[in-house]
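Chemist: quick one, structure for this:
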Amino acid sequence: MKKKLNLLILIMLLCFVLTGCGNAIPDLSEEETLMVDTYMAELLLKYDENYKTKLLGENEIDQEIKIRKEIEEEEKRRAEREAEIEKAKKEQKESVSSNSASSGGKAEAKDNAVDLESFLDIEDFSVECTGVTFEDSYADAGDEMFFSITPSSGCKIAVSHLRITNNSSEAKILDILNKGARFKLSFNSGPYHNTMVSILLSDFTMYSGNINAGESIDLVMLVDLPESECVEVDDLDLNIKYNGESGRCSLIGEL
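Modeler: Numbering: from 1, shown residues only. Next up, the predicted model:
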């Protein structure tokens, strides 16, 4: 009871003192107000049991730096590849003549038949076509969420699947990208169509990479093909322009 009485007296005294203070509390500048607010916020956080510092440990910092470097390197590689592809597209446009995209099937010329590997100076490798599929879109495995090739209206993506094998006794680099070769495909003796230029890592026409001795990899050539031509393929012919010369070879069937 005595404690309660003392507390009541203390409260009354405080009320009296505060009432009598009038305007004793000085006006604060914006800077001083900000300092007070900051101090009060820090003081509250100091005694807040639910507040924990967000500082990272050394291992977490190292991991974060590593991830950022990997992202930067990947972005750099993609930028370089996109620049190479833009260059290839420009060269392709400059080299396409009035009859390059749609004129002439096998009747264009049969006397310039060539061996694909010898013509492209890749004798250490063998190239085999394992089939053709027609897709509404196409992407490298695992990249479907990030990048895919889509056809024009009324067309499908004709995907010619190639099996590339290093037949030598040591690792070799297969560099089609820097050869500057141009490719066209004819399906079932139909017109020749330019292959598409893409940033897909599996694109044979843009491929550059190391293949171990005896190793085989799967690559593709893509064509934006009218749906009327998207039927079972019995004949698939490849036209190549390389080093100022043209050559033709059969990937499925005979010339």
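Chemist: ok, the closest residue to L200 other than its chain neighbours - contacts?
Modeler: Leaving out its chain neighbours, the residue that sits closest to L200 by CB to CB, 6 or more residues apart in numbering is D140, at 5.2 Å. Heads up, the C-betas are built off the backbone N, CA and C, glycines and all. Neighbour list for D140: F147, L200, L201, S202 [criterion: CB atoms under 8 Å, 6 or more residues apart in numbering].
Chemist: where does the stretch 51-200 of the chain have low pLDDT?
Modeler: Low-confidence segments of the stretch 51-200 of the chain (pLDDT under 70): 51-58, 85-111, 142-146.
Chemist: tell me where it has strands.
Modeler: Listed in chain order, the strands of the stretch 51-200 of the chain (DSSP state E, counting those that start in this stretch) span 125-135, 155-166, 172-175, 182-187, 192-194.
Chemist: quick one on the thing from earlier: gap between the residue nearest to L200 and V220?
Modeler: Per CB to CB, to the nearest Å, D140 is found 9 Å from V220.
Chemist: not counting sequence-adjacent ones, nearest residue to D136?
Modeler: Nearest residue to D136 in three dimensions, chain neighbours excluded: K156, at 6.5 Å (CB to CB, 6+ apart).
Chemist: what is the burial count for D121?
Modeler: D121: 12 surrounding residues under other CB atoms under 10 Å.
Chemist: please apply the same query to the one 3 residues further on.
Modeler: The number of residues packed near D124 is 17, by other CB under 10 Å.
Chemist: and it, what does it touch?
Modeler: Going by CB under 8 Å, 6+ apart, the list of residues near D124 reads N166, N167, S168, K172.
Chemist: compare those residues and tell me which is most surrounded.
Modeler: In terms of neighbours by other CB under 10 Å, these top out with N166 at 22 neighbours.
Chemist: and the two most separated of the contacts of D124?
Modeler: N167 and K172 (9.2 Å; CB to CB).
Chemist: mutual contacts of these two, please.
Modeler: In contact with both N167 and K172: D124, F125, using CB under 8 Å, 6+ apart.
Chemist: if we can go back for a sec, hey, what's in contact with both of D140 and V220?
Modeler: The contact sets of D140 and V220 overlap at L200, S202 (CB under 8 Å, 6+ apart).
Chemist: and stretch 219-235, how far apart are its ends?
Modeler: By CA to CA, to the nearest Å, the extent of stretch 219-235 from end to end equals 19 Å.
Chemist: which residues touch that stretch?
Modeler: 132, 134, 138, 149, 151-152, 154-162, 164, 183, 185-190, 193-196, 198, 200, 202-205, 207, 250, 252-254.
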